[in-house]
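**Q** kindly generate the corresponding structure for this input.
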Amino acid sequence: MTLCLLGPLRWEAAEAAPRPLPVVLPAALLLVLARHGEWVSRAELAALFWPDQADEAALLNLRVTLHKARRLLENMGIGEPMQAERRRIRWSPPTDLGRTGQGHGPPALGFDLPQFERFDRWLRDWRHGCSGPSPHTATLGSTDLDDDEASPPPAASGFYGRRVELARLRAADLPALVVAGEAGVGKSRLV
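**A** Next up, the predicted model:
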């Protein structure tokens, strides 16, 4: 069984007809998790889908959506388990990414949730990145959950590990923030 991320988003079993995933928020969450393939913090996921909500409300929305995603997997008969810990989540089903001869077209063709602006931007960025030489050469570095308003300057393209902090800075409604820490941890780059 394979989750096909290239072309229309669908689940393919060896001896059954492909089953498309519905264009709903729980499927979008599954798409992000499957694309990443590794542990993703709950804070990152909450910031991707509900950036304008308080941390507690966003995390509650995430828990509800995770429950709905599990029900969706159960209803579709997909036996790939989702792993969840207190602060992070992982779902890594077999996908068509990186396999030659499988999967054609842009990622998640026809799957759009414009009401979730940051997720929509994440999906557009992924599609744009796959429109280059080969969609099979995408790396985890291209799955950053960053939400830059414009393309980052070249010097910032390798800025990793501060997605949660960036999301908190962007979501803050305060007139000023203090970023503190020991020398060399990236305070200036973060700001």
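
**Q** going forward, measure contacts and count neighbours with C-alpha atoms only.
**A** Will do.

**Q** centre of the chain to the host helix or strand of residue 66, how far?
**A** Using DSSP states H and E, the secondary-structure element containing residue 66 is helix 55-76. Taking C-alpha atoms, centre = their mean, to the nearest Å, one finds the center of helix 55-76 at 14 Å from the center of the full chain.

**Q** other SSEs contacting the helix or strand following that helix?
**A** Remark: after helix 55-76, the chain's next helix or strand is strand 83-84, criterion DSSP H and E. Strand 83-84 makes packing contacts with strand 88-90 when contacts are defined by 3 or more C-alpha pairs under 8 Å, 6 or more residues apart in numbering; DSSP states H and E.

**Q** run through who's touching the strand it packs on.
**A** For strand 88-90, the surrounding residues in contact (C-alpha atoms under 8 Å, 6 or more residues apart in numbering) are 33, 37, 38, 39, 40, 41, 42, 82, 83, 84.

**Q** okay if I get those as TSV plus pLDDT?
**A** Output for those, formatted as TSV (pLDDT from 0 to 100):
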residue	pLDDT
33	95
37	89
38	92
39	94
40	94
41	95
42	95
82	91
83	92
84	91
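
**Q** between those, which is nearest residue 11?
**A** Lowest distance from residue 11 to the contacts of strand 88-90 (C-alpha to C-alpha) belongs to residue 33, with 14.8 Å.

**Q** which SSE is the closest one in?
**A** Element membership of residue 33 [criterion: DSSP H and E] is helix 25-36.

**Q** so how far is the next helix-or-strand element following that helix off the chain centroid?
**A** Scanning the chain past helix 25-36 towards its C-terminal end, the next helix or strand to appear is strand 40-41 (assignment: DSSP H and E). Averaged C-alpha coordinates place strand 40-41 at 9 Å from its chain's average position (C-alpha atoms, centre = their mean).

**Q** so how far is the helix or strand following strand 40-41 off the chain centroid?
**A** The element immediately downstream of strand 40-41 (helix or strand, assigned by DSSP H and E) is helix 42-49. For helix 42-49, the distance from its own C-alpha centre to the chain's C-alpha centre is 9 Å (C-alpha atoms, centre = their mean).

**Q** elements contacting helix 42-49?
**A** Taking 3+ C-alpha pairs under 8 Å, 6+ apart as the contact definition, the neighbouring helices and strands of helix 42-49 are helix 55-76, helix 117-130, helix 163-171.

**Q** the bottom helix or strand of this protein by mean pLDDT?
**A** Taking all helices and strands of the chain together, the one with the lowest average confidence (mean pLDDT, DSSP states H and E) is helix 163-171, at a mean of 68.
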